[in-house]
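below are the sequence and a predicted model for it; my questions follow.
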Amino acid sequence: MVVASATTTFHKEIAIRRRISSIFNKREDDFPSLREYNDYLEEVEDMATNLVEGIDVPAIEAKIAKYQEENAEQIMINRARKAEELAAAMAASKGHPAQTDTDVATGVNSQAGIGTGAPGTYAPTVAGGQPRPTGMAPQPIPVGVGPEGYAADDEEMMKLRAERGGRAGGWSLELSKRRAIEEAFGSIWI
């Protein structure tokens, strides 16, 4: 007897949806009307749902391959546009101005002040096709905190803070006990 856990199904669905969204990546402005865009979204959602549920998988995979072959150029353009928007968003979140068209034409990165290579080339990507982050933003330092933790906290306050933090996250001791018992009895083979 094979038992499929809910997390495996969840991860399978996430992987399928990421794959589908990387191929079917058109936007509303790529369509002449909102109706056509909504029909496109509905078709993509139907394909994703059917793949997750295992309904007519070979036909859907063939349809995806055909679409990918016919629209390869549009898919790459949309991926590049998404990468540029992500880079601009990352630059904006770091407080740096986004790279301008003149910077791209000269090959100068306005964020780092160095040449980035030929126009139209992108930084190497990590698995999944997402651009590799170029660095970490500075992290805020809480006021009144030393290396040993909160200076004004005594032992009682630390216990209270830990208890409240756990409850705020939805955790309770009862929940842990119940889960341990369910897992123990769920693994018993009869």
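Alright, I've got the coordinates.

quick one: buried residues of the longest helix along the chain?
Across the chain, the longest stretch assigned as helix under DSSP state H is helix 72-94. By 16 or more other C-beta atoms under 10 Å, the buried positions in helix 72-94 come out as 75, 78, 79, 82, 83, 87, 90, 91. Bear in mind the C-beta positions are built from the backbone N, C-alpha and C, glycine included.

residues in contact with residue 28?
The neighbourhood of residue 28, defined by C-beta atoms under 8 Å, 6 or more residues apart in numbering, consists of 34, 37.

where in this structure is pLDDT low?
1-6, 95-153, 169, 190 (pLDDT under 70).

try 80 this time
1-7, 94-154, 158, 161-173, 189-190 (pLDDT under 80).

strands of that one, start to end?
For the chain, applying DSSP state E gives strands covering 145-146, 149-150.

give me the neighbour count for the residue nearest to residue 31 when sequence neighbours are not counted.
Of all residues not flanking residue 31 in the chain, residue 37 sits nearest, at 4.1 Å (C-beta to C-beta, 6 or more residues apart in numbering). Neighbour count for residue 37, taken as other C-beta atoms under 10 Å: 16.

please tell me how far residue 37 sits from residue 86.
Going from residue 37 to residue 86 by C-beta to C-beta, to the nearest Å gives 22 Å.

before we move on, what about residue 51?
Counting by C-beta to C-beta, the separation of residue 51 from residue 86 is 26 Å.

quick check: phi and psi at residue 171.
When read as degrees, to the nearest 10, the backbone of residue 171 gives phi -90, psi 140.

many thanks, have a good one.
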